[in-house]
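K.L.:
The following block contains a protein sequence and its predicted model.
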Amino acid sequence: MTPKTSLVLLSVLIPLCASARDEYTRTFDKSLPVQSGEKIWLEHKFGDIVIHGRPQQEVIVHADIRISASDSDLAKQYANQVEIVVQSGAELSIRTKYPDTQRSFGHRDVSFSVRYDITVPETSPLVVRNSFGAISLSGVKASSEIYNSHGEIRFRDGRGTQRLQNSFASVNVAGNAGDVTIDASNGSVDASAITGSATIRDRFASVTVAGVSNGVSITNNNGSVSVTDCGGAGSVKNSFGSVAVRNFRGDLIIANTNGQIDALNVAGSVDIRNGFGGVRFADVKGQLSVSSHNARVEGSKVGGTVTIRNSFGAVVVDGVSGAIEIHNQNGEIDAYSSARGACKPITLHTSFSRLRAHLPAEANYRVFAKTSFAHVRSDFPLTVAGVLSEGEVSGTLGSGQCEMRLTNNNGSIEILKTAQ
Amino acid sequence: MKFECGDLDRAMANSDLLPEAREHFKTCAACRREYRLWNEISATARELHEEWDTPALWPAIRETLQAERKPEVFWWKQWKTWAIAAALAIAVAVPLGLWRHSQATRTTAPTTPDFLTEQALREVETSEAAYRQSIEKLSKLAAPKLATASSPAVVNEKERLSLLDSAIAETRANVASNRFNIRLQTALADLYRQKQETLHEILNHDAKN
């Protein structure tokens, strides 16, 4: 074959290859009235669903039925056999019915998808099921149940109790007046602007929540959790991802196993339990309780009582206005009390590490400090009563209003005056 | 240290930074992808590495260079090349344009592509086969670790693998009857990617501990 012949042949073959398959699109349109509050069911597969809630008593269904086949006749033949089944009665149901490819079309390669655009009365409760296609809802002002797999769920500007369940794709909620429950297994969750509560369960992806007014409950396993500007009762459980809560108006419980925990600016009390991840906190108005292992615990500005248990990690707390109780093992302790007025008790214990209590100049404590194989040192003059040795001191600091108990093994104890 | 995308190169050169990098990957898809590609390239490079003696190589190169030291006529200065290229472009563009025009008038043109072309499907299926091969290799490597998994992290990854396997089986069953559907093929590719990443995590976790 000469080069010239090859060129001519190529110019013919390339377009032929490109046109090896044909696509055909058929549209389906139907409008029908529904009763006020009538439930609408939609069951679908292979294609996106877009739902708009409108102040009307009519359902408008539009569907694009798209087929790809080896030739246009086959594509058209298949498209004509795809059914959009709309049944009305006590409830309205919409269902996509695909023909059996094997039975009707042998082994020929037909591929298909159907995309819905549906307008519903905004007060009609919805139940939507889809797979391999996204679901997008906006303006739904009634309770709904949305189930999807392998396609994202997007929910906008709704009202009512919403339940959204997905696997292998994300769930995104922006704006709902009412409670929202989200179950996701392997897709990220992003929920914001909810005037109600948010209950979220996920397993292997990140959860981001912002602007939930009436309580947040999140259970995750192996993904980060972020909660910002929320209120009510807060509960976050995680295992292998970080947890960060910022600007929370209410009491907060956080449990994690192997990830960092941050709790910043919390109006209520905070209860933190962690296994092998660090803990940071700041601006906690209420009480703070931390239980951790093998990691550093640090933070500042706590209005209420601080109780911390740790092992194999340092504990550093600054600006505590309430009582302080810290039990550590093999980790140093630095505790800064900022208690003014009424005396707040302090109990600090560790071993094999340094222990330091930092007090304001006007502190008034009955002091008991004891260590072994190290010494006790104080910036304050102590009125000693009873025992006085290098490793043990009992005495009074100022007027001795309340108790300060400092104990250590194999580590020093220091009572230090905070710089004014 | 707060790990950022700019630190990725350093992390690849310095294994001390890898724990922070891995933490960063959990929230950064771009870096995760880059790291995965880097791993794949490294693995492929290791497999391809061969050494052999080539005493005759340099003399041969020198001879070739000497033989080619004569006035060069660049291909783009040759009018014949331009003429052929133009003819080819016209020959391809005109029938293709006509075909597309006929398609547009025959059916309602979809606004977004829902289906693969034959060529794209072949490429997707080739990639899928390569992915599956790579996953099989990784699975074999990870099998002993998974069989004796005791750490909570590996048990957790094992659980994720089982979730991904069931999703892959479900998606493949659907792909079998809807092969040109882009969303299905994308979902399947994404599941394979996640499985590969999870296996990497298991192997890396074991190396780390």
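P.N.:
Ah, there it is.
K.L.:
C-alpha only now, for contacts and for neighbours.
P.N.:
OK.
K.L.:
For the closest residue to chain A within chain B, give me its contacts.
P.N.:
Using Cα to the nearest Cα, the single residue of chain B nearest to chain A is B:Asn178, 4.4 Å away. Applying Cα atoms under 8 Å, 6 or more residues apart in numbering or on different chains to B:Asn178 gives the contacts A:Asp109, A:Val110, A:Ser111, A:Phe112, B:Leu184.
K.L.:
Among those, which lie within strands?
P.N.:
A:Ser111, A:Phe112 (DSSP state E).
K.L.:
Check what pLDDT residue 2 gets.
P.N.:
Since no chain was named, I'll use chain A. Confidence at A:Thr2, expressed as pLDDT, is 42.
K.L.:
other chain: chain B
P.N.:
Per the predicted model, pLDDT is 69 at B:Lys2.
K.L.:
how many neighbours does residue 135 have?
P.N.:
Just going to use chain A. The tally of other residues near A:Ile135 (other Cα atoms under 10 Å in any protein chain shown) stands at 24.
K.L.:
that answer is for a different chain, and I need it for chain B
P.N.:
Quick note: B:Ile135 (other Cα under 10 Å) scores 19 neighbours.
K.L.:
The helix or strand hosting it near chain A at all?
P.N.:
Using DSSP states H and E, the element containing B:Ile135 is helix B:118-147. Yes: using Cα under 8 Å from any Cα of the partner chain, helix B:118-147 reaches chain A at B:Glu118.
K.L.:
can you give me phi and psi for B:Thr171?
P.N.:
With angles defined as degrees, to the nearest 10, B:Thr171 sits at phi -70, psi -40.
K.L.:
who's in contact with the closest residue to it other than its chain neighbours?
P.N.:
Spatial nearest neighbour of B:Thr171, excluding adjacent residues (Cα to Cα, 6 or more residues apart in numbering or on different chains): B:Leu188 at 6.1 Å. By Cα under 8 Å, 6+ apart, the contact set of B:Leu188 is B:Ile168, B:Thr171, B:Arg172.
K.L.:
Let's have those in TSV, adding pLDDT, neighbour count and distance to B:Ala142.
P.N.:
Compiled in TSV, the contacts of B:Leu188 are given as follows (pLDDT from 0 to 100; neighbours: other Cα atoms under 10 Å in any protein chain shown; distance: Cα to Cα, whole Å):
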residue	pLDDT	neighbour count	distance to B:Ala142
B:Ile168	96	19	19
B:Thr171	96	19	24
B:Arg172	95	17	23
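K.L.:
just the helices in chain B please.
P.N.:
Assigned by DSSP state H, chain B shows helices spanning B:8-13, B:18-25, B:29-48, B:57-67, B:79-106, B:118-147, B:152-176, B:182-208.
K.L.:
which stretch in these is the model least sure about?
P.N.:
Across the helices of chain B, the lowest-scoring stretch is helix B:79-106, with a mean of 41.
K.L.:
Determine the number of other residues adjacent to B:Ser162.
P.N.:
B:Ser162 has 12 neighbours, counted by other Cα under 10 Å.
K.L.:
Over to A:Pro381?
P.N.:
Neighbourhood size, A:Pro381 [other Cα under 10 Å]: 10.
K.L.:
Now it: closest residue in space, sequence neighbours ignored.
P.N.:
With Cα to Cα, 6+ apart, the residue lying closest to A:Pro381 is A:Leu397, at 6.8 Å.
K.L.:
low pLDDT regions in the stretch 51-200 of chain A?
P.N.:
A:101-108 (pLDDT under 70).
K.L.:
Counting neighbours, which bits of the helix holding B:Ile135 end up buried?
P.N.:
Neighbour counts over helix B:118-147 (16 or more other Cα atoms under 10 Å in any protein chain shown) mark B:Glu118, B:Leu121, B:Val124, B:Glu128, B:Tyr131, B:Arg132, B:Ile135, B:Leu138, B:Ser139, B:Ala142, B:Lys145, B:Leu146 as buried.
K.L.:
For the residues you listed, work out which two are farthest apart.
P.N.:
Maximum pairwise distance among the buried residues of helix B:118-147 (Cα to Cα): 40.4 Å, between B:Glu118 and B:Lys145.
K.L.:
Tell me who's in contact with the residue in the stretch 51-200 of chain A positioned nearest to chain B.
P.N.:
Nearest residue of the stretch 51-200 of chain A to chain B: A:Ser111, at 4.4 Å (Cα to the nearest Cα). Each residue near A:Ser111 by Cα under 8 Å, 6+ apart is listed here: A:Ile67, A:Ser68, A:Ala69, B:Phe115, B:Ser177, B:Asn178, B:Arg179, B:Phe180, B:Asn181.
K.L.:
redo that, cut-off 10 Å
P.N.:
Contacts for A:Ser111 (Cα atoms under 10 Å, 6 or more residues apart in numbering or on different chains) come out as A:23, A:46, A:66-70, A:75, A:78, A:101, B:114-116, B:175-182.
K.L.:
Then A:Ser242?
P.N.:
Taking Cα under 10 Å, 6+ apart, one finds A:206, A:222-226, A:256-262, A:277-278, B:23, B:26 in contact with A:Ser242.
K.L.:
So for it, what pLDDT did the model give?
P.N.:
Note on A:Ser242: pLDDT of 96.
K.L.:
Domain map for the chain?
P.N.:
Because you didn't say which chain, this covers chain A. For chain A, automatic domain parsing gives the domain ranges A:19-151, A:153-297, A:305-420.
K.L.:
actually it's chain B I care about, not the one you picked
P.N.:
B:7-46, B:118-208.
K.L.:
Tell me which of the ones you listed is the most buried.
P.N.:
domain B:118-208 (a mean of 17; mean count of other Cα atoms under 10 Å in any protein chain shown).
K.L.:
What's the local residue count around A:Met404?
P.N.:
23.
K.L.:
so what pLDDT did A:Val8 get?
P.N.:
Predicted confidence (pLDDT) for A:Val8: 42.
K.L.:
quick revisit: what helices or strands is the helix holding B:Ile135 leaning on?
P.N.:
Counting contacts by 3 or more Cα pairs under 10 Å, 6 or more residues apart in numbering or on different chains; DSSP states H and E, helix B:118-147 packs against helix A:3-18, helix B:152-176, helix B:182-208.
K.L.:
A:Ser300 is nearest to which of those?
P.N.:
helix B:152-176 (31.3 Å).
K.L.:
Going by distance to B:Leu8, which of the contacts of B:Asn178 wins?
P.N.:
Out of the contacts of B:Asn178, the member with the shortest distance to B:Leu8 (by Cα to Cα) is B:Leu184, at 32.2 Å.
K.L.:
Now do the same contact list for the closest one.
P.N.:
Going by Cα under 10 Å, 6+ apart, B:Leu184 touches A:46-47, A:131-133, A:150-151, B:114-115, B:171-172, B:174-176, B:178, B:190.
K.L.:
switch to 8 Å and redo it
P.N.:
Residues in contact with B:Leu184, defined by Cα under 8 Å, 6+ apart, are A:Phe46, A:Phe132, B:Thr171, B:Asn174, B:Val175, B:Asn178.
K.L.:
Who are the contact partners of the first one?
P.N.:
Right, A:Phe46. So A:Phe46 contacts A:Phe112, A:Ser113, A:Val114, A:Asn130, A:Ser131, A:Phe132, A:Gly133, B:Arg183, B:Leu184 (Cα under 8 Å, 6+ apart).
K.L.:
any idea whether it is helix, strand or coil?
P.N.:
coil (DSSP: H, G, I helix; E, B strand; the rest coil).
K.L.:
What distance do you get for it to B:Ala167?
P.N.:
Using Cα to Cα, to the nearest Å, A:Phe46 is found at 15 Å from B:Ala167.
K.L.:
The fourth one too?
P.N.:
The gap separating B:Asn174 from B:Ala167 is 11 Å, by Cα to Cα.
K.L.:
A:Arg203 sits in which helix or strand?
P.N.:
Using DSSP H and E, A:Arg203 falls outside every helix and strand.
K.L.:
List phi and psi for it.
P.N.:
phi -130, psi -50.
K.L.:
and it, how many neighbours?
P.N.:
23.
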